[in-house]
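A.B. asks: Please work out how this folds:
(3 chains)
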Amino acid sequence: MIEIIAERFNFVIVIILMMTGLYAVVATGNLVKRLVGLSLFQTSVFLLYITMGKVFGGQPPILPEYSEGHGENDAYAGEAAAAVTDHAAEAADIAESAASHGETVHHAAEAIYSNPLPHVLILTAIVVGVATLSVGLALVVRIRESYGTIEDEAINHADYAVDSARRNT
Amino acid sequence: MTEFDWTQLLDYALMGMLLAVGIAIVRLKNLFAAVMLMGVYSLISAAWFVSLDAVDVAFTEAAVGAGISTVLMLAAMLLTAREAEPVKAIRHWAALIVVSVAGAALFYAVGDMPVYGDLHSPANSYVGMDYITSTPNEIAIPNVVTAVLASYRGFDTFGETVVIFAAGLGVMLLLGLNPGKKKGDEE
Amino acid sequence: MTPHLVLRIVAKLLIPLIVIFGLYVHFHGDYSPGGGFQAGVIIAAAVILYALIFGVENAKRAVPTWFVKFLAAFGVLLYGGTGVATLVLGANFLDYDVLHPDLAHHSGQHIGIILVELGVLSTVFSVMMAIFYAFAGRAPDIPEGEW
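C.D. replies: Alright, predicted model coming up:
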C-alpha cells in the first residue's frame, strides 16, 4: 500500500492541490476569489495531465537534427530550475545546429522522448482557460456595477428582495 | 548502486512551494495578495513543467498564466473589490466535507493510475509515441509538439482559435472597447 | 523631470526587443519550443507594458481598437483560408503538402504551419489586447483613496 502511494507520489500531490482549489471555490463568497480558486484548480489539472505523460530517462519531445544529439541529455536534466528563463539560449542552440545540417538524422528510434500528446492538449487548454477566465471576470465586473457588491450572499439577498417586491405588487 | 537523482529533490521543493502558495491563497482575505500569489503559483507550475520535460507547456504557462492572467485579474480586481469578506463558519465545514469526499474518491482511484514515469503505460503507448516516430518522415520539423498541434491535429487548433475569438467577442460585448463608458454616462 | 523616468526609458528599450522576441518565437516554433500561442501572448505583453507606463490612451493611439477588432477576425480567416486554399489546390482540408511542390523536404508543411500559426498569433494577440482595453478603459467605482 505504501509502495503504491510512493510510486504515484506526484499524483497524490496534484490531487491535494486540486482539492485546495476546490475548497477555495466552495468556501469563499467573493466572486473574484472564486475565479482565482478555479484558476488554481485548472492549473493543477494541467499538472496531472503532464505528469501522466512524463517518461523516466526521456527528453522533451524535440527531435535533434544532428548526430551529437545525446549530449543534450545532461543539459535538459540539469537546468530545470531556471530553465524557463533559459529558453532563449536552448532555442538558439537547437536552431543553429538544425540549420547547419542539411539532412535529418533519424535518432528518434534510439532516444526516449516524453509523450507529446498531453503537451498539445494542455497547450490548447491553457489558452482557452485564460480566455474563459476573462469572460468570467467581465461578468463579475458587470455584476459589481449592477448590484454594488461581489459577495454572493449579498447578491442573493438583493435578488430575493427584488423577487418578493415584484410578488407583492 | 543507483545514483541519487537530484532532479527529484527539485521536484519535492517545487511541490512544497506549490502547496504553501495554494494554502496561502485560500487563507488570504486581501484580493491583491491572492491575485499576486496566483501569478507566483503559475510561475512555479511552469518550473515544474520544465522538470516534467514539457517545455512548450512551460513556456505557454509562464507567458499566459503568470503574465496575462495576472494582469487581467488585477484589472478586474481594480474594478470590483479590494478585500474578500469573511463567510459563516458553517460554510467552511460544508466546503471541508465536499473536499474530503471528492479527495477520498480521487485517492481511491490513485491506485489504478499508471506508475509515474512508466514508458509502457497505456497513456504513453499507441498514438502519442507514433507521432514521434512518424514526424521526421511526414512533416520533417524537429518540434514534435508543433507538428502535432498544427498539422496532425490542425482541426482542433482551428476550433481553439475560434473559441478564443468567441471569448474575445464575449468580453467586447459585455464591457465594450471604447472609453466614455463611465457609470454616470449610462444613466 | 517627468515622473517615472527610469521606467519610461527602460520600457522604450525593452518593448521593441520583446516584440522581436515574440516574432522569433513564432518563426522558430518549428525548431524549438514556441509557436503561435506563445508569440501572440508575448507581443500582447509588450503592448500592455507600453499601456501600463505611457497610459491606455497612448496605447490606443499606437494600436487602435478598430485594428484589434479587425485582426481578431483576420486571424481566424487566415487559418480557415489556408484550409480552403488546400481544398482549392485539390487535397483535403488543411492538408499542407499541396502548398509547395517539394515533397522530399515537405516544404508545404513548413509553409502551412507558419501560415496557420500566423493566424493563431493574430487572433491571440488581438483578443488579449481587446480584453485588456475592455478592462482598462472602464472607469472604476471605487475611489483611489480606498486602496
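A.B. asks: which residues of chain B fall in helices?
C.D. replies: Taking DSSP state H as the criterion, chain B contains helices spanning B:6-27, B:31-51, B:55-60, B:70-79, B:89-110, B:127-138, B:144-147, B:154-175, B:183-186.
A.B. asks: right, I mislabeled it, should have said chain A
C.D. replies: A:2-7, A:9-27, A:31-53, A:72-78, A:87-100, A:116-147, A:152-168.
A.B. asks: okay, and for the chain, where does confidence drop off?
C.D. replies: All of this refers to chain A. For chain A, the stretches flagged by pLDDT under 70 are A:66-110.
A.B. asks: Chain B is the one I meant
C.D. replies: Ranges of chain B meeting pLDDT under 70: B:1-4, B:179-187.
A.B. asks: one more time with 50
C.D. replies: B:1, B:181, B:183-187 (pLDDT under 50).
A.B. asks: care to break it down by domain?
C.D. replies: What the record gives for chain B is the domain set B:9-87, B:118-187, from automatic domain parsing.
A.B. asks: Which one of these lies nearest to residue C:106?
C.D. replies: Checking the domains of chain B against residue C:106 by CB to CB gives domain B:118-187 as the closest, at 4.2 Å. The C-beta positions use only the backbone N, C-alpha and C, and glycine is treated the same way.
A.B. asks: and the closest one, is it in reach of chain A?
C.D. replies: Yes - Domain B:118-187 is in contact with chain A by CB under 8 Å from any CB of the partner chain, via B:118-119, B:121, B:123-124, B:127-129, B:131-133, B:135-136, B:140, B:142-145, B:148-149, B:153, B:156-157, B:160, B:163-164, B:167-168, B:170-171, B:174-175, B:183.
A.B. asks: now swap in stretch B:13-29 and tell me
C.D. replies: Yes - on the criterion CB under 8 Å from any CB, stretch B:13-29 is in touch with chain A at B:15, B:18-19, B:22-23, B:25-26.
A.B. asks: If you rank those residues by neighbours, which is first?
C.D. replies: Most neighbours among the residues of stretch B:13-29 next to chain A, by other CB atoms under 10 Å in any protein chain shown: residue B:22, with 27 neighbours.
A.B. asks: So it is in contact with residue B:40, correct?
C.D. replies: No - at 10.5 Å, residue B:22 does not count as touching residue B:40 under the criterion of CB atoms under 8 Å.
A.B. asks: how near is whichever residue of chain C sits closest to chain A to chain B?
C.D. replies: Using CB to the nearest CB, the closest approach of chain C to chain A is made by residue C:32 at 3.4 Å. According to CB to the nearest CB, to the nearest Å, residue C:32 stands 6 Å off from chain B.
A.B. asks: Secondary structure class of that residue, three-state.
C.D. replies: Classification of residue C:32 by DSSP: H, G, I helix; E, B strand; the rest coil places it in coil.
A.B. asks: Ramachandran coordinates for it?
C.D. replies: Phi and psi for residue C:32, reported as degrees, to the nearest 10, are phi -150, psi 170.
A.B. asks: isn't it right next to residue A:62, touching?
C.D. replies: Yes - counting by CB under 8 Å, residue A:62 is a contact partner of residue C:32 at 6.8 Å.
A.B. asks: Give the closest residue to residue C:46 in space, chain neighbours not counted.
C.D. replies: Excluding its sequence neighbours, the residue lying closest to residue C:46 (CB to CB, 6 or more residues apart in numbering or on different chains) is residue C:18, at 3.9 Å.
A.B. asks: Also residue C:14?
C.D. replies: The nearest residue in space to residue C:14 (CB to CB, 6+ apart) is residue C:49, at 7.3 Å.
A.B. asks: Repeat that for residue A:140.
C.D. replies: Of all residues not flanking residue A:140 in the chain, residue A:31 sits nearest, at 4.7 Å (CB to CB, 6+ apart).
A.B. asks: Out of the domains of chain B, which one sits most buried?
C.D. replies: Of all the domains of chain B, domain B:9-87 carries the top mean neighbour count, a mean of 21, counting by mean count of other CB atoms under 10 Å in any protein chain shown.
A.B. asks: which residues touch stretch B:150-166?
C.D. replies: By CB atoms under 8 Å, 6 or more residues apart in numbering or on different chains, the residues outside stretch B:150-166 that reach it are A:120, A:124, A:127-128, A:131, B:131, B:139, B:149, C:35, C:72-73, C:75-76, C:79-80, C:83, C:94, C:96, C:109, C:112-113, C:116-117, C:119-120, C:123-124, C:127.
A.B. asks: returning to what we had before: got CSV for the residues of stretch B:13-29 next to chain A, with distance to residue B:33 too?
C.D. replies: Below are these laid out as CSV (distance: CB to CB, whole Å):
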residue, distance to residue B:33
B:15, 22
B:18, 17
B:19, 17
B:22, 14
B:23, 13
B:25, 9
B:26, 12
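A.B. asks: circling back: hang on, the residue nearest to residue A:140 packs against residue A:150?
C.D. replies: Yes - taking CB under 8 Å as the definition, residue A:31 is a contact partner of residue A:150 at 4.5 Å.
A.B. asks: residues shared between the contacts of these two?
C.D. replies: Counting by CB under 8 Å, 6+ apart, the residues touching both residue A:31 and residue A:150 are A:140, A:143, B:80.
A.B. asks: Which elements pack onto the longest helix anywhere in chain C?
C.D. replies: Ranked by residue count, the top helix of chain C under DSSP H comes out as helix C:107-136. Helix C:107-136 is packed against helix A:116-147, helix B:70-79, helix B:144-147, helix B:154-175, helix C:5-27, helix C:36-54, helix C:56-62, helix C:65-88, with contacts defined by 3 or more CB pairs under 8 Å, 6 or more residues apart in numbering or on different chains; DSSP states H and E.
A.B. asks: Which positions within that helix qualify as buried?
C.D. replies: By 16 or more other CB atoms under 10 Å in any protein chain shown, the buried positions in helix C:107-136 come out as C:107-110, C:112-136.
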